[in-house]
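A.B. asks: No sequence on hand, only this structure:
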């Protein structure tokens with residue numbers, strides 16, 4: 001038996017907030033009539049918040065998720081375990097009409113062994129803390145439907161407002177009410193999964209023949225019994241320890257013959273739908289809500305960046321804002337592992353800006369930055385701006401509007417400030433526990449970055465942002481330079497903090513890194529240095545030589561020393577990247 005959950009992706013597949021107004025809301029997200037009819041029956045209740053979410057997409061249309069898990073139609077078995085319903089619940093069965101009657105659905109589906117209707121037995125959690133619904137849950141699923149037009153599963157969740165507050169999750173509901181993007185992620189149990197490359201599908205079909213609904217709760221249980229007692233089935237894994245070489249060494253890789261490495265999950269039983277900080281499945285997020293004392297809907301986006309900056313110029317008597325497009329993207333992709341990491345860093349999903357601002361207010365900017373650093377997560381310029389802008393109304397407004405218009409400050413500006421330098425003494429285990437679901441999406445450390453390297457990121461994402469050239473944000477650029485330098489300088493004391501909150505031993509960590517042909521320090525540095533550049537790294541010969549040194553000669557013991565050298569070279573004429581190249585040149 002394996003526990004599964006959807007992981008983050010940098011791509012967006014058409015899940016959008018619905019226009020305010022109910023009933024008669026505009027169907028900007030392709031709302032299913034069946035769902036709209038159910039929502040129309042709801043009324044505000046002081047005890048609950050109702051939310052409509054996209055729980056997950058069909059893998060045959062959206063692909064396997066970031067953990068290489070596939071849910072949907074399996075052509076090898078001509079079977080769809082995601083959309084499955086037991087025989088006696090069909091249109092002509094004992095529970096005829098179950099598709100349109102939520103009362104019947106809720107009563108019957110809680111006992112279903114697998115498939116999307118099992119969401120009716122799921123609890124609402126935060127960040128997949130799901131070991132006990134009575135201790136950690138704060139809501140349930142009151143309606144589940146398959147949206148064939150959008151190829152996804154939609155849920156209406158009922159969130160207990162008081163219980164959410166008691167368990168420390170009121171901030172999530174506040175984000176929903178403010179209209180901020182709020183992502184969800186499912187959790188399920190599967191009896192086993194099957195490799196897309198090497199599974200013996202004939203043996204699977206033979207094992208299926210032994211299914212007896214009087215003895216087995218599902219065909220999956222019959223197949224598992226055959227695997228254990230009759231003959232092992234090649235490609236079937238009960239736990240991750242059973243994975244074949246394809247999933248161990250090449251997860252997500254497209255092989256020369258065109259086949260992609262992932263695992264089929266044909267019998268998922270869903271028990272968890274969690275609010276998470278960073279995107280779950282590629283479609284999964286909140287689309288609509290009904291509050292306890294207000295009309296349902298979502299807030300509209302605020303005014304434009306140009307309007308904001310016009311007011312800012314009046315306030316500060318500075319020159320008008322000039323928005324400059326970043327350098328033209330290099331079209332030719334060069335080979336090499338360092339280059340692959342550069343592309344990966346450029347295509348990674350943004351962290352939710354509102355969440356960063358909330359944590360900065362709660363814990364302080366240095367604590368947040370240091371804790372993220374201890375988890376191997378360097379911030380992009382936009383994200384950094386949201387953290388350090390807290391407490392300054394002007395900077396908060398600039399950072400929010402910049403995010404809406406996909407612009408950021410010019411991080412290539414020279415200068416350095418240690419105002420936001422990270423340190424192990426500011427690492428917070430309490431905060432780190434709330435950030436763990438960000439690791440697979442953004443951490444530079446071996447178990448997490450190794451998964452993303454197989455996703456074949458798109459080059460266009462590396463240098464797609466615009467930059468703000470304005471004295472209003474030049475100071476932030478200097479602070480960002482100092483922050484990036486301190487990540488390397490404090491690595492020896494900050495990195496070990498990871499083990500205080502993540503249940504992975506140092507030996508296991510290095511084993512994962514070794515299997516990828518990398519050491520933790522080497523590709524972490526490549527990821528940190530190449531991330532969020534304003535021009536493609538391969539176009540800079542000096543930087544390419546620096547990366548080559550990192551990949552060949554930089555040891556973990558030398559990492560902090562390199563950081564000290566980088567920090568010492570940053571001044572009013574030198575930024576972080578130039579200082580890094582100078583420091584490596586000295587080492588060479």
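C.D. replies: Received, thanks. No experiment lies behind these values; they were computed from the predicted model shown.

A.B. asks: For residue 288, grab phi and psi.
C.D. replies: When quoted as degrees, to the nearest 10, the phi and psi of residue 288 stand at phi -160, psi 150.

A.B. asks: what's the burial count for it?
C.D. replies: Neighbouring residues of residue 288 were enumerated by other CB atoms under 10 Å; the total is 24. Backbone N, C-alpha and C define where each C-beta goes, glycine included.

A.B. asks: and the nearest residue to residue 254 once chain neighbours are set aside, what is it in contact with?
C.D. replies: Ranked by CB to CB, 6 or more residues apart in numbering and with sequence neighbours excluded, the top spatial neighbour of residue 254 is residue 260, at 5.0 Å. Each residue near residue 260 by CB atoms under 8 Å, 6 or more residues apart in numbering is listed here: 64, 196, 252-254.

A.B. asks: Any chance of CSV for these, columns distance to residue 269?
C.D. replies: As requested, the contacts of residue 260 are arranged in CSV below (distance: CB to CB, whole Å):
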residue, distance to residue 269
64, 19
196, 21
252, 25
253, 29
254, 30
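
A.B. asks: can you list the residues you listed in a markdown table and add neighbour count and secondary structure?
C.D. replies: As requested, those are arranged in a markdown table below (neighbours: other CB atoms under 10 Å; DSSP: H, G, I helix; E, B strand; the rest coil):
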| residue | neighbour count | secondary structure |
| --- | --- | --- |
| 64 | 21 | coil |
| 196 | 21 | coil |
| 252 | 19 | coil |
| 253 | 17 | coil |
| 254 | 12 | strand |
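
A.B. asks: Verify the stated contact: residue 38 with residue 154.
C.D. replies: No: with contact defined as CB atoms under 8 Å, residue 38 does not reach residue 154; the gap is 10.0 Å.

A.B. asks: Give me the common contacts of those two.
C.D. replies: Taking CB under 8 Å, 6+ apart as the criterion, residue 38 and residue 154 both touch residue 145.

A.B. asks: So those two - more neighbours on which side?
C.D. replies: For residue 38 against residue 154, the residue with the higher neighbour count under other CB under 10 Å is residue 154, and the figures read 26 against 18.

A.B. asks: what's near enough to touch that one?
C.D. replies: When contacts are counted by CB under 8 Å, 6+ apart, residue 154 is found next to 32, 35, 52-55, 144-147.

A.B. asks: Could you list every helix and strand that the biggest helix by length in the chain packs against?
C.D. replies: Of all the segments assigned as helix in the chain under DSSP state H, the longest by residue count is helix 471-489. Identification of packing neighbours for helix 471-489 by 3 or more CB pairs under 8 Å, 6 or more residues apart in numbering; DSSP states H and E yields helix 305-316, helix 381-388, helix 393-404, strand 407-409, helix 520-530, helix 556-569, helix 576-587.

A.B. asks: Compare the ones you listed and say which comes out lowest on pLDDT.
C.D. replies: Per-stretch mean pLDDT for the helices and strands packed on helix 471-489 is lowest at helix 305-316 (a mean of 41).

A.B. asks: Could you break this structure into its assigned domains?
C.D. replies: 2-191+267-290, 193-266, 305-587 (automatic domain parsing).

A.B. asks: Going by mean pLDDT, which of those domains comes out lowest?
C.D. replies: Here the domains of the chain differ in mean pLDDT, and the lowest is domain 305-587 at a mean of 70.

A.B. asks: just to revisit the earlier point, between the contacts of residue 154, which sits nearest residue 549?
C.D. replies: The nearest member of the contacts of residue 154 to residue 549, counting by CB to CB, is residue 54 at 45.0 Å.

A.B. asks: Check which helix or strand the closest one maps to.
C.D. replies: Per DSSP states H and E, residue 54 falls inside strand 48-57.

A.B. asks: List the strands paired with that strand, with their directions.
C.D. replies: Pairing partners of strand 48-57, with direction, according to DSSP bridges: strand 152-160 (antiparallel), strand 286-290 (antiparallel).

A.B. asks: Format these as CSV; extra columns: distance to residue 368.
C.D. replies: Formatted as CSV, these follow (distance: least, CB to CB, whole Å):
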stretch, distance to residue 368
strand 152-160, 26
strand 286-290, 24
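
A.B. asks: what about residue 544, helix or strand, and which?
C.D. replies: Going by DSSP H and E, residue 544 is in helix 541-553.

A.B. asks: how near is residue 274 to residue 420?
C.D. replies: Summarising the geometry, the distance separating residue 274 from residue 420, computed by CB to CB, to the nearest Å, is 31 Å.

A.B. asks: out of the two, which sits in the more crowded spot?
C.D. replies: residue 274 (25 against 20).

A.B. asks: Enumerate every residue touching that one.
C.D. replies: The contact partners of residue 274, by CB under 8 Å, 6+ apart, come to 5, 124-130, 184-187, 280.

A.B. asks: which parts of stretch 52-66 are buried?
C.D. replies: Within stretch 52-66, the residues that qualify as buried are 52-60, 62-66, counting by 16 or more other CB atoms under 10 Å.

A.B. asks: which non-adjacent residue is nearest residue 152?
C.D. replies: Spatially, and ignoring its direct neighbours in sequence, residue 152 is nearest to residue 57 (4.6 Å; CB to CB, 6+ apart).

A.B. asks: in terms of contact, does that neighbour touch residue 151 like I think?
C.D. replies: Yes: A contact is recorded between residue 57 and residue 151 when judged using CB under 8 Å, the distance being 5.9 Å.

A.B. asks: Run through the bridge partners of residue 146.
C.D. replies: Counting by DSSP bridges, the residues bridging with residue 146 are residue 153.

A.B. asks: Return the distance of it relative to residue 212.
C.D. replies: Residue 146 sits 28 Å away from residue 212, taking CB to CB as the criterion.

A.B. asks: So for these two, which sits in the more crowded spot?
C.D. replies: Between residue 146 and residue 212, counted using other CB under 10 Å, the more crowded position is residue 146 (18 against 10).

A.B. asks: what sits against the closest residue to residue 497 other than its chain neighbours?
C.D. replies: Using CB to CB, 6+ apart and skipping residues adjacent in sequence, the residue nearest residue 497 is residue 374, 3.6 Å away. By CB under 8 Å, 6+ apart, the contact list for residue 374 reads 424, 427, 432, 494-495, 497-498.

A.B. asks: Sort out for me which of the contacts of residue 274 are in strands.
C.D. replies: Mapping the contacts of residue 274 onto strands (DSSP state E) picks out 5, 124-126, 184-187.

A.B. asks: returning to what we had before: relative to residue 275, how far out is the residue nearest to residue 152?
C.D. replies: With the distance defined as CB to CB, residue 57 ends up 18 Å from residue 275.

A.B. asks: Please apply the same query to residue 194.
C.D. replies: 30 Å.

A.B. asks: And for residue 265?
C.D. replies: Residue 265 sits at a distance of 22 Å from residue 275 (criterion: CB to CB).

A.B. asks: same thing with residue 390?
C.D. replies: Shown here: residue 390 relative to residue 275, a distance of 22 Å by CB to CB.

A.B. asks: between these two, which one's more packed in?
C.D. replies: Under the neighbour definition other CB under 10 Å, residue 390 and residue 275 were set side by side, and residue 275 has more, 30 against 19.

A.B. asks: Is that one in a helix, a strand, or coil?
C.D. replies: Three-state secondary structure (criterion: DSSP: H, G, I helix; E, B strand; the rest coil) places residue 275 in strand.

A.B. asks: what sits against the nearest residue to residue 418 once chain neighbours are set aside?
C.D. replies: Counting by CB to CB, 6+ apart, residue 418 lies nearest to residue 482, which is 4.7 Å off, once chain neighbours are set aside. With contact set as CB under 8 Å, 6+ apart, residue 482 has these partners: 416-421, 567, 570.

A.B. asks: Of these, which count as buried by neighbour count?
C.D. replies: Neighbour counting with 16+ other CB under 10 Å marks 416-418, 420-421, 567, 570 as buried within the contacts of residue 482.

A.B. asks: quick check, nearest of the residues you listed to residue 135?
C.D. replies: The shortest distance between residue 135 and any of those, using CB to CB, involves residue 420 and amounts to 36.5 Å.

A.B. asks: I'd assumed residue 366 was in contact with the closest one.
C.D. replies: Yes: Residue 420 is within contact range of residue 366, at 6.1 Å (criterion: CB under 8 Å).
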